[in-house]
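A.B. asks: build the 3D model from these lines:
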Amino acid sequence: MPLLLSGSIATDHLMTYGGTFSESLIADQLHNLSVSFLVEALDVRRGGVAPNICFGLGRLGLRPVLVGSAGKDFGEYQAWLEKHGVDCESVRISETLHTARFVCTTDNTLAQIASFYPGAMSEAGDIALEPIVNRVGTPDYVVISANDPAAMARHTAECVAAGYPFIADPSQQLSFADGDLIRTLVDGAALLFSNEYESHIIAEKTGWSEDEILSRVGIQVTTLGAEGVRIRQEGAETITIGGVPDVNAIEPTGAGDAFRSGFLAATSWGLSLERAAQTGCVIASYAVETVGTQEYVFTNDEFVARLRGAYGDEAADEVAAHLK
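C.D. replies: Below you'll find the model as predicted:
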């Protein structure tokens, strides 16, 4: 059965600053902030949360269904995604707006300053899931990632009403969403994705304790950057997976999305939560070694070898059996 990936579709403009942002910030003058950074490099890349996850899933041999809104300038991007195994037939094309833009500058400590122009993403709330399900079949999961808030709320409500299992992945929208919206997006999810910082935002804005959050979702997956991932499930022992060692980190943008693609792929293969986390960590390690969120490459043999080196023979053999 298919995986439906609902979320932002965007172009990333990634810049590199050779110094540190903190050197230009004066604590008692932040209310008068006016700074400019002379960047050393600019890369224009394909991005957006949902296509990033779809790309990773395609690299692992699955055919995810992309659900989102883009502009008329999406044609070349669409061809790229379809070449890498992504079903783009359910992408809504805006008549008036450009595809969204993500603009991010990273300093030499990997700190980031970013802005996001929503563009056509603001029309994602016009997309209904039912026609997509009629076309591709009942989904294993609907992943509801960062997108126009109206779209996130609509797709969550549709999943609840129709009984589609859904995965909550609000990520970047947590900074802007209020407690009511976050509670709506999280409650009843089969799985909740976040990083460590985002997990604290969810708790603070919803007013729910960590245990109460866990009682409202099937599984909580919290990424810990280079340290790996923590998985909690009510009534079960916490699973902690360390990150892949000896990674040459260059650009962190998209690592979380890559992790999700590996986790979801392994889950769709019927593997354990531990194997899913390990698969996610390995593909994330490739993402951070590359500038751009969809530029990493590996052969199946290379992927399995890296997984074997990080997590052992049993893990590698189980995953290798599913790679095409």
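
A.B. asks: packing partners of the strand or helix carrying residue 316?
C.D. replies: Per DSSP states H and E, residue 316 falls inside helix 313-320. Applying 3 or more Cβ pairs under 8 Å, 6 or more residues apart in numbering; DSSP states H and E, we find helix 313-320 packed against helix 273-288, helix 300-311. Any C-beta I mention is one placed from the backbone N, CA and C, and that applies to glycine too.

A.B. asks: end to end, how far does stretch 189-202 reach?
C.D. replies: 14 Å (Cα to Cα, to the nearest Å).

A.B. asks: and that stretch, what's buried?
C.D. replies: 189-195, 198-199, 201-202 (16 or more other Cβ atoms under 10 Å).

A.B. asks: quick revisit: pick the most deeply packed of the helices and strands packed on helix 313-320.
C.D. replies: Of the helices and strands packed on helix 313-320, the one with the most neighbours on average (mean count of other Cβ atoms under 10 Å) is helix 273-288, at a mean of 26.

A.B. asks: and that one, how far out from the chain middle?
C.D. replies: Centroid separation between helix 273-288 and its chain, computed with Cα atoms, centre = their mean, to the nearest Å, is 13 Å.

A.B. asks: which helices and strands does that helix pack with?
C.D. replies: Using 3+ Cβ pairs under 8 Å, 6+ apart, helix 273-288 is in contact with helix 49-59, strand 229-232, strand 239-241, helix 255-268, helix 300-311, helix 313-320.

A.B. asks: okay, angle between that helix and helix 49-59 too, please.
C.D. replies: Using axes from the mean of the first three to the mean of the last three Cα atoms, to 10 degrees, the inter-axis angle of helix 273-288 relative to helix 49-59 is 110 degrees.

A.B. asks: just the mean pLDDT for helix 273-288, thanks.
C.D. replies: Taken as a whole, helix 273-288 has an average pLDDT of 98.

A.B. asks: what's the angle between it and helix 255-268?
C.D. replies: Between the axes of helix 273-288 and helix 255-268, defined by the same axes, to 10 degrees, the angle is 150 degrees.

A.B. asks: can you dump the C-alpha atoms of helix 273-288 in CSV for me?
C.D. replies: Output of helix 273-288 as CSV, limited to C-alpha atoms (Å, rounded to 0.1, in the frame of the first residue of the first chain):
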residue,chain,number,x,y,z
LEU,A,273,11.6,0.2,15.2
GLU,A,274,15.3,-0.4,15.9
ARG,A,275,16.1,-1.3,12.3
ALA,A,276,14.0,1.7,11.1
ALA,A,277,16.0,4.1,13.2
GLN,A,278,19.3,2.6,12.0
THR,A,279,18.2,2.8,8.4
GLY,A,280,17.2,6.4,9.0
CYS,A,281,20.5,7.3,10.6
VAL,A,282,22.5,5.8,7.7
ILE,A,283,20.6,7.8,5.0
ALA,A,284,20.8,10.9,7.1
SER,A,285,24.6,10.5,7.3
TYR,A,286,24.8,10.7,3.5
ALA,A,287,22.6,13.8,3.5
VAL,A,288,24.9,15.7,5.9
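
A.B. asks: can you give me the helices in the stretch 51-200 of the chain?
C.D. replies: Here the stretch 51-200 of the chain has its helices, by DSSP state H, counting those that start in this stretch, at 75-83, 129-136, 149-162, 179-186, 196-206.

A.B. asks: distance to residue 255 added to the ones you listed, as JSON lines?
C.D. replies: Compiled in JSON lines, the helices of the stretch 51-200 of the chain are given as follows (distance: least, Cβ to Cβ, whole Å):
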{"stretch": "helix 75-83", "distance to residue 255": "19"}
{"stretch": "helix 129-136", "distance to residue 255": "28"}
{"stretch": "helix 149-162", "distance to residue 255": "22"}
{"stretch": "helix 179-186", "distance to residue 255": "22"}
{"stretch": "helix 196-206", "distance to residue 255": "14"}
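
A.B. asks: closest one to residue 312 among these?
C.D. replies: Ranking the helices of the stretch 51-200 of the chain by their distance to residue 312 (criterion: Cβ to Cβ) puts helix 196-206 first, at 25.6 Å.

A.B. asks: next SSE downstream of the closest one?
C.D. replies: Helix 196-206 is succeeded, C-terminally, by helix 210-216 (DSSP H and E).

A.B. asks: what strands line up against the next helix or strand after that following helix, and which way round?
C.D. replies: Next in sequence after helix 210-216, counting helices and strands by DSSP H and E, comes strand 219-223. Using DSSP bridges, the strands paired with strand 219-223 are strand 191-195 (parallel), strand 229-232 (antiparallel).
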